Every structure is written in structure tokens, then in C-alpha cells.
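Participant: Provided below for reference: sequence and predicted model.
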Amino acid sequence: MTIACTLNHETVHIQTAPHTRLIDLLREGFSLTAAKAGCLTGDCGACSVIFNRTVAKSCLIPGFRVQDSTIITLEGFAKTDAYKDILNGFAAAGVVTCGYCDSGKILTMEAILAKKPRPGSRKEILAELRGIRCRCTEPESLVAAVLAIADIRQRRLYGRRG
Ligand code: FES
Ligand code: FES
């Protein structure tokens, strides 16, 4: 089948089998390799993309669901000021990146703050972060990063703290 979708703000077409995973379409069809093939079972988040405005695991999305969808990969998101907010928040909270877990960590944090620019309690943030795995960062540092990014974004957008 030929699939049409919007990928990183451009209309694209690709020939694929209906059950080919989105991660394979991205990596092999479009040479977009920021989403990594980790567990391929929906547990690690390394394959995350923004799919129809929600963070989603591309290893769980079959080709037939991609028709008419809107996808933003980390490569596309990396061109935004929102991405810079996240890197600055990581630096403030001592959170590292490794190239493997980045799509999950960065796009999940963006999804948390898109939903709630003033993040909720520590417990709520930890619940939102459940879908990603980073072996080298304590959960508390990830919570601190979400809070730091929220502050940085509020200052960039409104010139004040969140
Ligand atoms: S590779 Fe998709 S969640 Fe792990
Ligand atoms: S920084 Fe990527 S797994 Fe921890």
C-alpha cells in the first residue's frame, strides 16, 4: 500500500506493507534514526515520536495506522525553541543524554508540559514518566528536569517563572 502522512511538517508518501512498524518506516524509509529500536514491545520508549500530537511508541504503530497521520520525530522537534528549553532544563537538573533514550526522554517531557505547562506533583510527574527507561538517571533527577524545563519555558514565553 502507499501511505501518505505529514512527517516533520512535510507531506510524504511511502510504499509499505500494512503491518510494517512505524519505527521501521522512519529508519529505513526516511533515514530518520533518532527513534531507536529497543525492546520493540512498548516498554522502553526509545522509539518514541509525536504521533497525532501525542507521544507514542513507534514500534507499536503498524503502517496502516500511519495513513493521514502527523508525525514529529526527534529530528523535527530538535529544530524548535521547545527543544532548547528541554536541553537547558536537562543541564540545570544534571540529566544526561546518550543518543539511545533521547527520543523517549525528550518527547515525553515535551508531552508532559504540553498537557500541563505548570507540572503537577512529583507523584504525577513520575507517573507520566513511567513509559521511558534511562538506566543512568535517577527518577528524582527526571522530575527535577521537568520542573526546570517548565520554569525555563515560562521565562522564555512570558518573561517570568512558572
Ligand atoms: S522500542 Fe518501542 S518501546 Fe521499546
Ligand atoms: S542517558 Fe540514555 S539510557 Fe540513560
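Facilitator: Looks like it arrived, so ask away. Since the model is a prediction, treat every value here as computed from it, not as a measurement. Numbering: from 1, shown residues only. Ligands and ions are numbered 1, 2, ... in the order given.
Participant: and the chain, which of its residues are near ligand 2?
Facilitator: 96-98, 100-101, 134-137 (C-beta under 6 Å from any ligand atom). For the C-beta atoms, the positions are set from N, CA and C on the backbone; glycine is no exception.
Participant: switch to 5 Å and redo it
Facilitator: 96, 98, 100-101, 134-136 (C-beta under 5 Å from any ligand atom).
Participant: distance between stretch 82-95 and the chain's centre?
Facilitator: From the chain centre to the centre of stretch 82-95 is a distance of 14 Å (C-alpha atoms, centre = their mean, to the nearest Å).
Participant: make that stretch 58-75, sorry
Facilitator: Using C-alpha atoms, centre = their mean, the offset of stretch 58-75 from its chain centre is 12 Å.
Participant: what's it in contact with?
Facilitator: 1, 3-9, 16-23, 25-26, 32, 34-35, 37-42, 47-53, 102-103, 106-107 (C-beta atoms under 8 Å, 6 or more residues apart in numbering).
Participant: Out of the residues you listed, list just those in helices.
Facilitator: Per DSSP state H, helices hold the following members of those: 22-23, 102-103, 106-107.
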